[in-house]
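Asker: After the sequence you'll find the predicted model.
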Amino acid sequence: MKNLLYVFLIVFFITVGGSFKEAQSDDLLTRNQAIAILIEQVISPEVYEDYYMAFGPQNMLTDGDSVEPAYSMADPFPVSGRNIQNPTWFFWIDTDKWAKFVHLVHFVYIDASQSNPTIGDGIVVESQGWWPKINGVDYLSNSEERWASADIVYGEAPTAPPTIPPREGNIIYGESPTAPPTIPPREGNIIYGESPTAPPTEP
């Protein structure tokens with residue numbers, strides 16, 4: 001009889017514990033919700049639509065995970081890594097998708113346990129100069145990998161860098177040169193004789 005009671009209690013606690021964890025999971029922000037918050041509160045699409053790209057892992061980070069820049073450096077990007085404590089959706093924003101590193105990027109941490117996080121209260125934005133490492137592993141470290149990644153959450157992969165049209169309006173007179181000018185032979189400088197065709201030879 002005691003054995004049956006123990007079995008019943010074990011099953012009961014497993015069931016209740018599983019339900020509690022499921023309820024906790026249901027209270028956390030989903031990835032799509034976090035992406036919407038990222039775009040609304042951190043990215044300004046009307047200003048940076050053609051330049052920014054943002055990326056984020058498919059799974060949220062949890063207690064014990066870590067994020068750090070690929071390389072540590074002093075100013076202007078002195079921020080070091082971060083150890084995760086709460087369930088967190090991590091994103092990083094490339095502010096110039098055509099540029100090579102080092103250049104400005106943003107690491108964004110959104111606390112998944114808050115239903116309405118805001119910058120300074122559930123959202124942390126850090127200015128960095130390199131792509132991130134998650135738990136010591138490079139995350140999307142080269143442009144080809146980034147532009148083809150399923151982890152793109154904002155922006156489009158570039159097809160070519162923006163071009164600056166020629167500023168023809170600055171030409172006051174004449175046309176744009178196509179080749180440097182050639183200088184004709186200055187025959188007018190010959191006072192007597194002809195232009196030599198070959199150096200003289202000694203008898």
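Answerer: Thanks, I have the structure now. Numbers count the residues shown, from 1 in each chain.
Asker: all helices for the protein, in order.
Answerer: Along the chain, counting by DSSP state H, helices occupy 2-27, 31-37, 45-48, 143-147.
Asker: Residue 110 - nearest residue in space that isn't next to it in sequence?
Answerer: Nearest residue to residue 110, sequence neighbours excluded (C-beta to C-beta, 6 or more residues apart in numbering): residue 89, at 4.4 Å. (Each C-beta comes from the backbone N, C-alpha and C, glycine too.)
Asker: Next, find the distance separating the one you found from residue 117.
Answerer: 10 Å (C-beta to C-beta, to the nearest Å).
Asker: between those two, what contacts are shared?
Answerer: 29, 110 (C-beta atoms under 8 Å, 6 or more residues apart in numbering).
Asker: These two: which has the busier surroundings?
Answerer: Between residue 89 and residue 117, residue 89 has the larger neighbour count (other C-beta atoms under 10 Å), namely 26 against 20.
Asker: pretty sure the more buried one is in contact with residue 32, am I right?
Answerer: No. Residue 89 is beyond contact range of residue 32, at 10.2 Å (criterion: C-beta atoms under 8 Å).
Asker: Report the contact partners of the spatially closest residue to residue 143 that is not a sequence neighbour.
Answerer: Counting by C-beta to C-beta, 6+ apart, the nearest residue to residue 143 once its immediate chain neighbours are dropped is residue 97, at 7.7 Å. With contact taken as C-beta under 8 Å, 6+ apart, residue 97 is in contact with 51-53, 143, 146-147, 155, 157-158.
Asker: Recalculate using a threshold of 10 Å.
Answerer: Counting by C-beta atoms under 10 Å, 6 or more residues apart in numbering, residue 97 touches 50-53, 143, 146-147, 155-158, 161.
Asker: Can you select the buried ones from these in ChimeraX?
Answerer: In ChimeraX syntax, the buried subset of those is picked out as below (16 or more other C-beta atoms under 10 Å):
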select :52,53,143,146,147,155
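Asker: Output the contacts of residue 97 as JSON lines; include the columns pLDDT.
Answerer: Output for the contacts of residue 97, formatted as JSON lines (pLDDT from 0 to 100):
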{"residue": "50", "pLDDT": "73"}
{"residue": "51", "pLDDT": "83"}
{"residue": "52", "pLDDT": "92"}
{"residue": "53", "pLDDT": "94"}
{"residue": "143", "pLDDT": "90"}
{"residue": "146", "pLDDT": "93"}
{"residue": "147", "pLDDT": "92"}
{"residue": "155", "pLDDT": "93"}
{"residue": "156", "pLDDT": "88"}
{"residue": "157", "pLDDT": "85"}
{"residue": "158", "pLDDT": "81"}
{"residue": "161", "pLDDT": "59"}
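Asker: Rebuild the contacts of residue 97 as TSV, extending it with distance to residue 134.
Answerer: Output for those, formatted as TSV (distance: C-beta to C-beta, whole Å):
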residue	distance to residue 134
50	28
51	24
52	20
53	18
143	18
146	14
147	19
155	20
156	24
157	21
158	24
161	28
